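1. Generate a structure from the sequence data that follows.
(one chain, ligands or ions: 1)
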Amino acid sequence: DRHVVIVGASLAGIRTAQNLRTLGRSGAITLIGAEAELPYDRPPLSKDLLKSDWSAESIEAFRLVTASELGELDLDLRLGMAATGLDTTARVVALADGTSIAYDVLVIATGATARPSPWRPESGVLQLRTLDDSRAIAQRLTPGERIVVVGGGFIGTEIAAAAVGFGCDVTVVDPVPEPMARLVGPELASSLVRLHSENGVQTRFGVGVVDIRGAAGDLTVVLDDGAELAASTAVVGIGSIPATGWLADSGLTLENGVVTDPGLRALGAQDVYAIGDVARWPHAGRGLIRAEHWTNASDQARFVAAAIAQGIDAEYSSTDYVWSDQYDWKIHTVGWRDPAGASVVVGDLAVDGRVAVVHADASGRACGAVTVNWVRALNQIRRLLMTDSPPAVIAEQLEQLVQRAA
Ligand code: FAD
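-> I've put the predicted structure just below:
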């Protein structure tokens with residue numbers, strides 16, 4: 001069997017190794033990961049883990065693989081070891097300790113890193129991507145702490161929700177006037193803002209941060225409308241950038257990620273795949289995208305493992321599924337939203353505590369939906385999306401679902 005080398009030992013990387021073994025691949029697999037940690041799951045870093053006691057047991061619950069499962073996978077595991085270069089002609093990956101490792105098939109799964117904060121006070125600016133980052137934030141979440149969260153995306157708003165739960169004084173700042181529309185669409189954005197404010201989160205939307213001065217415990221966050229916010233800690237969550245630095249001289253096509261063909265093969269080399277947050281691949285409905293979501297990383301790992309183990313030559317098609325938890329809202333999105341299309345709202349969040357918004361593309365075909373606290377509707381929509389139903393038909397079926405439940 002050819003030697004499979006996987007770079008990146010998080011969700012996409014470990015799932016590739018697991019799927020290869022499940023599919024009967026018995027040859028050598030090397031898994032290289034920069035973090036010295038056994039693979040762990042990232043979604044809990046901004047949710048359950050922030051509220052946990054950080055005991056060894058509570059951390060273990062979020063591992064992607066147990067030590068004994070790892071043993072059975074029989075991998076050549078190199079944790080705490082970054083890949084530093086790739087030569088696709090010699091088929092060799094260079095490692096941080098100066099050694100190198102030859103591959104027959106390479107899977108790039110190096111994910112992304114938090115987009116660095118442009119504001120660099122002496123200390124007190126935290127960001128969130130790793131277990132250590134989450135621990136550092138959790139340590140600051142004590143009653144009365146003044147936390148300014150810069151960035152109203154999923155991660156920033158989840159941190160804000162956790163922080164008010166600890167009795168912190170929390171303000172979320174975002175230069176976009178309606179940042180929560182990016183998460184749940186314009187139909188539900190104001191309800192989500194209200195949910196945050198009812199829970200005590202203050203928001204300053206439509207104003208940018210100019211500077212953060214001072215040091216931990218005594219920061220001043222300067223806004224572009226002249227306001228100054230005092231904070232003990234600032235958490236900057238302004239997106240992420242793909243971890244492609246080590247590939248700079250590889251000859252692969254790097255444009256906001258490793259660009260691939262529809263089969264997730266990296267452009268510019270043979271037998272090299274890219275998956276998960278680092279991959280930029282041609283989505284059937286949306287063109288080249290980087291999908292920074294859990295299900296995508298896990299699905300792409302399964303797809304590429306099948307391509308390698310069984311020689312399946314197919315085009316990856318995405319399930320496009322994302323979730324977020326904020327207070328008692330369980331938000332799920334499936335498919336995508338076409339800015340040129342219309343949307344239909346089913347249900348009333350204020351009355352029923354649940355809602356679905358179904359999106360159409362420019363041609364009137366349903367292309368996605370967002371639901372809050374309504375998993376049955378979500379599952380039904382997922383099925384109907386596969387049948388190319390128009391949103392009105394989907395809405396009608398959801399109404400019937402409501403009536404049957406009543
Ligand atoms: P990553 O998880 O980024 O892992 C990449 C790994 O590669 C890292 O361990 C990194 O250290 C390693 N690496 C990088 N460079 C090198 C190198 N040169 N050599 C060796 N190793 C290297 N998604 C959802 O769908 N729902 C959620 O609610 C959700 N919540 C999230 C909350 C947080 C705080 C974060 C950070 C992410 C969240 N996500 C969520 C996104 C989800 O976690 C990612 O999509 C997923 O982790 C992607 O997996 P990955 O393996 O591609 O990349």
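2. just the helices in the chain please.
-> For the chain, applying DSSP state H gives helices covering 11-22, 56-60, 67-73, 131-140, 154-165, 180-184, 186-198, 294-310, 349-352, 375-385, 391-405.
3. pLDDT of the second one, averaged?
-> Here helix 56-60 scores 92 as its mean pLDDT.
4. go on, the longest one?
-> Regarding helix 294-310, the rounded mean pLDDT is 97.
5. Just put the helices of the chain in CSV and tack on distance to Leu95.
-> From N, CA and C alone the C-beta is placed, and that goes for glycine too. Formatted as CSV, those follow (distance: least, C-beta to C-beta, whole Å):
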stretch, distance to Leu95
helix 11-22, 15
helix 56-60, 27
helix 67-73, 20
helix 131-140, 22
helix 154-165, 30
helix 180-184, 38
helix 186-198, 44
helix 294-310, 22
helix 349-352, 51
helix 375-385, 42
helix 391-405, 50
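6. Below-threshold pLDDT in the stretch 201-350 of the chain: ranges please.
-> Scanning the stretch 201-350 of the chain for pLDDT under 70 picks out no residues.
7. before we move on, the earlier item: can you tell me which of the helices of the chain the model trusts least?
-> helix 391-405 (a mean of 84).
8. Can you mark which positions in that helix are buried?
-> Residues of helix 391-405 classed as buried by neighbour count (16 or more other C-beta atoms under 10 Å): Pro391, Ile394, Ala395, Gln397, Leu398, Leu401, Val402.
9. can you check stretch 363-374 too?
-> Arg365, Ala366, Cys367, Gly368, Ala369, Val370, Thr371, Val372, Asn373, Trp374.
10. Specify the beta-bridge partners of the fourth one.
-> Using DSSP bridges, the bridge partners assigned to Gly368 are Gly335, His359.
11. quick one: contacts for it?
-> Asp320, Thr333, Val334, Gly335, Trp336, Arg337, Asp338, Val358, His359, Leu385 (C-beta atoms under 8 Å, 6 or more residues apart in numbering).
12. The last one too?
-> With C-beta under 8 Å, 6+ apart as the criterion, the residues that contact Trp374 are Gly347, Arg354, Val355, Ala356.
13. Can you give me the neighbour number for the residue in the stretch 51-200 of the chain that the ligand sits nearest to?
-> Per C-beta to the nearest ligand atom, Gly111 is where the stretch 51-200 of the chain lies closest to the ligand, at 2.1 Å. Neighbour count of Gly111, defined by other C-beta atoms under 10 Å: 24.
14. if we can go back for a sec, among the contacts of Gly368, which one lies nearest to Gly85?
-> Asp320 (33.6 Å; C-beta to C-beta).
15. residues in contact with that closest one?
-> So Asp320 contacts Ala291, Asn296, Thr333, Val334, Gly335, Trp336, Gly368 (C-beta under 8 Å, 6+ apart).
16. Please name the spatially closest residue to it (chain neighbours excluded).
-> Gly335 (5.0 Å; C-beta to C-beta, 6 or more residues apart in numbering).
17. Check the gap between the one you found and Glu158 for me.
-> 22 Å (C-beta to C-beta, to the nearest Å).
18. Contacts only, for the residue nearest to Asp320.
-> Gly285, Asp320, His359, Ala366, Cys367, Gly368, Ala369, Leu385.
19. wouldn't the last one be in contact with Tyr321 here?
-> So that's Leu385. No. Taking C-beta atoms under 8 Å as the definition, Leu385 is not a contact partner of Tyr321, at 10.8 Å.
20. The residue of the stretch 51-200 of the chain closest to the ligand and Gly200, how far apart?
-> 33 Å.
21. what do you get for Val358?
-> Applying C-beta to C-beta to Val358 and Gly200 gives a distance of 32 Å.
22. that older thread, the helices of the chain into CSV, with extra columns for distance to the ligand?
-> Shown next, in CSV, are the helices of the chain (distance: least, C-beta to the nearest ligand atom, whole Å):
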stretch, distance to the ligand
helix 11-22, 3
helix 56-60, 15
helix 67-73, 15
helix 131-140, 7
helix 154-165, 5
helix 180-184, 11
helix 186-198, 15
helix 294-310, 4
helix 349-352, 20
helix 375-385, 14
helix 391-405, 23
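23. That concludes my questions; thank you for your assistance.
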